[in-house]
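In: Kindly return the folded structure for what I paste below:
(2 chains)
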2 protein chains.
Amino acid sequence: MIKTRQLFDQETWTFTYLLFDDESKEAIFIDPVLEQMERDLSLIDRLNLKLIAVLETHVHADHVTSANEIRKITGVKVYYGSKSGIDCADVLLDDGDHVKIGNEFIIAIHTPGHTVGCTTYLVDNKLFTGDTLFIGGTGRTDFQGGSANSTYESCRKKLFTLPDDTLIYPAHNYKGLTISTVGEERKWNPNVGDGITKEKFIENEKNKNRPYPHRFDIAVPANMECGSDSPNK
Amino acid sequence: MIKTRQLFDQETWTFTYLLFDDESKEAIFIDPVLEQMERDLSLIDRLNLKLIAVLETHVHADHVTSANEIRKITGVKVYYGSKSGIDCADVLLDDGDHVKIGNEFIIAIHTPGHTVGCTTYLVDNKLFTGDTLFIGGTGRTDFQGGSANSTYESCRKKLFTLPDDTLIYPAHNYKGLTISTVGEERKWNPNVGDGITKEKFIENEKNKNRPYPHRFDIAVPANMECGSDSPNK
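Out: Below is the predicted model:
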């Protein structure tokens, strides 16, 4: 069983995940935040792990990734979904591709909707959903190739068809909740849970007047390059 | 295995824990925060759980507990350690006492130091350490009957003697870390880890000029009564 550490960036309310295998000591970050790189790499040292990869769920619009900086420092490869439209990744994952950690496989599931290239990662009974599926919510669909139709399909046909007790680890939560399950979200998610038709979901998304993300103009260009240089330089 | 949900209060950086048993649906809160009561009780409903108790690790100085309000609303009992010096609890737990949830037992371990009445709760391989032991730290020892000597003894003799892979769930973290293990803290904790003698720990605690907690004068009197009324009333 791959072990998981949930890490939180208070400034952007972002969850980063450290996945590691206790036997081989191989470790992977999902969605690391640039400002937290020192903390995150310290944790690798402290746990005596060997970082082997950085996985991104998508091109983030609310924070800058530390993927590029971590790659420079450690030499590990950076993985994105193949539809993300970027040139900076070492490996582009198609739907169903995997990344090996220890003797286990992290499966990439293409879950477009929030962005066209969004990828959810599955290992054991854990889903790392990025901004595709939140606890009681879904990622906005109004930029970066977002599509309400796709989010609905991704959640209902690709995520909610997994076993009810599959754990959901999202990229954000703004209420202090940390994890959920497929069963809970399928039943209770007010956006995309049971009883919400695709037409209703699309209509609801259209009527959401979400504010322009205040880091968008910094984060997206930087993340198209797998993140900018460390602010500490 | 008892399931755990970690809940976060962004305002006071406090972790609350929901423990529940999937079969009996019995649930317990550890250290719930007054301002988050609505969120927390909603989660009980959402998961179709039956709340049976509120456990406090100690009389908090940085936030007001929702124990009293939850007791009023749900009728459940409020538990504190027997040395906490309060009159408002329904049950005072001595060292080694237990609280039953489903078919399992939560064991109360008296771990004085941060306060004279601090209690750590153990269930399965999980320790809920309150402010006794943090990830890479320990709770301040300069008020509420605090004692550096006691913190050292509590950590080294009562907590660090548990198996290395015992998970540590603290009441706070200020860096976005969420869990640790006994092995990590025994080895790496800069305050109380291996290599730090009791004399050194006591000296270090004496030299810490920690600021007066800005909620102290509100939180402590309120928490001596198991928490004040809801701010939403």
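
In: C-alpha from now on. contacts and neighbour counts both.
Out: OK.

In: Tell me where chain A has helices.
Out: Applying DSSP state H to chain A gives helices spanning A:37-46, A:67-74, A:148-153, A:182-188, A:198-206, A:216-224.

In: With mean neighbour count and mean pLDDT added, can I get those helices in CSV?
Out: Formatted as CSV, the helices of chain A follow (neighbours: other C-alpha atoms under 10 Å in any protein chain shown; pLDDT from 0 to 100):
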stretch, mean neighbour count, mean pLDDT
helix A:37-46, 15, 97
helix A:67-74, 19, 97
helix A:148-153, 22, 98
helix A:182-188, 20, 97
helix A:198-206, 15, 97
helix A:216-224, 18, 93
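
In: Let me know whether stretch A:124-141 sits next to chain B.
Out: No. Figure legend: stretch A:124-141 not in contact with chain B (C-alpha under 8 Å from any C-alpha of the partner chain); closest approach 10.8 Å.

In: hmm, back to that, what would the helices of chain A look like in TSV with distance to chain B?
Out: Shown next, in TSV, are the helices of chain A (distance: least, C-alpha to the nearest C-alpha, whole Å):
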stretch	distance to chain B
helix A:37-46	7
helix A:67-74	18
helix A:148-153	22
helix A:182-188	7
helix A:198-206	21
helix A:216-224	21
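
In: Using CSV, lay out those together with distance to residue B:74.
Out: Formatted as CSV, the helices of chain A follow (distance: least, C-alpha to C-alpha, whole Å):
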stretch, distance to residue B:74
helix A:37-46, 41
helix A:67-74, 47
helix A:148-153, 37
helix A:182-188, 23
helix A:198-206, 35
helix A:216-224, 44
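
In: what residues does chain A put near chain B?
Out: Close to chain B, as judged by C-alpha under 8 Å from any C-alpha, chain A has residues A:5-10, A:46-47, A:175-179, A:184, A:188.

In: Tell me the helices and strands packed up against the lowest-mean-pLDDT helix or strand in chain A.
Out: Sorting the helices and strands of chain A by mean pLDDT, DSSP states H and E puts helix A:216-224 at the bottom, at a mean of 93. If you count contacts as 3 or more C-alpha pairs under 8 Å, 6 or more residues apart in numbering or on different chains; DSSP states H and E, helix A:216-224 packs onto no helix or strand.

In: Now do the buried residues in stretch A:90-99.
Out: For stretch A:90-99, burial by neighbour count (16 or more other C-alpha atoms under 10 Å in any protein chain shown) applies to A:92-95, A:98-99.

In: rewinding a little: which stretch among the helices of chain A comes nearest residue B:156?
Out: Closest to residue B:156 of those, according to C-alpha to C-alpha: helix A:37-46, at 19.6 Å.

In: Give me the distance from the closest one to the chain's centre.
Out: Mean C-alpha position of helix A:37-46 versus that of the full chain (C-alpha atoms, centre = their mean, to the nearest Å) differs by 19 Å.

In: quick one: contacts of it?
Out: Applying C-alpha atoms under 8 Å, 6 or more residues apart in numbering or on different chains, the contact partners of helix A:37-46 are A:27, A:32, A:50-51, A:66, A:70, B:184, B:188.

In: quick revisit: pull out the buried residues from the residues of chain A next to chain B.
Out: Buried among those (16+ other C-alpha under 10 Å): A:5-9, A:176-179, A:184, A:188.

In: Please save the CA atoms from stretch A:162-181 in PDB.
Out: Extracted as PDB, the C-alpha positions of stretch A:162-181 are listed here (Å, rounded to 0.1, in the frame of the first residue of the first chain):
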ATOM      1  CA  LEU A 162     -15.300   3.500  -9.000                       C
ATOM      2  CA  PRO A 163     -16.100   1.700  -5.700                       C
ATOM      3  CA  ASP A 164     -18.000   3.900  -3.200                       C
ATOM      4  CA  ASP A 165     -15.200   3.600  -0.600                       C
ATOM      5  CA  THR A 166     -12.500   5.000  -3.000                       C
ATOM      6  CA  LEU A 167     -11.000   8.000  -1.200                       C
ATOM      7  CA  ILE A 168     -11.000  11.400  -2.900                       C
ATOM      8  CA  TYR A 169      -8.000  13.700  -2.300                       C
ATOM      9  CA  PRO A 170      -8.800  17.000  -4.000                       C
ATOM     10  CA  ALA A 171      -6.400  19.900  -4.900                       C
ATOM     11  CA  HIS A 172      -8.300  22.400  -2.800                       C
ATOM     12  CA  ASN A 173     -10.900  22.800  -0.100                       C
ATOM     13  CA  TYR A 174     -12.000  26.000   1.400                       C
ATOM     14  CA  LYS A 175     -13.900  24.800   4.400                       C
ATOM     15  CA  GLY A 176     -11.200  22.800   6.200                       C
ATOM     16  CA  LEU A 177     -12.400  19.400   4.900                       C
ATOM     17  CA  THR A 178      -9.600  17.200   3.800                       C
ATOM     18  CA  ILE A 179     -10.900  14.000   2.200                       C
ATOM     19  CA  SER A 180     -14.100  12.400   0.900                       C
ATOM     20  CA  THR A 181     -15.100   9.300  -0.900                       C
END
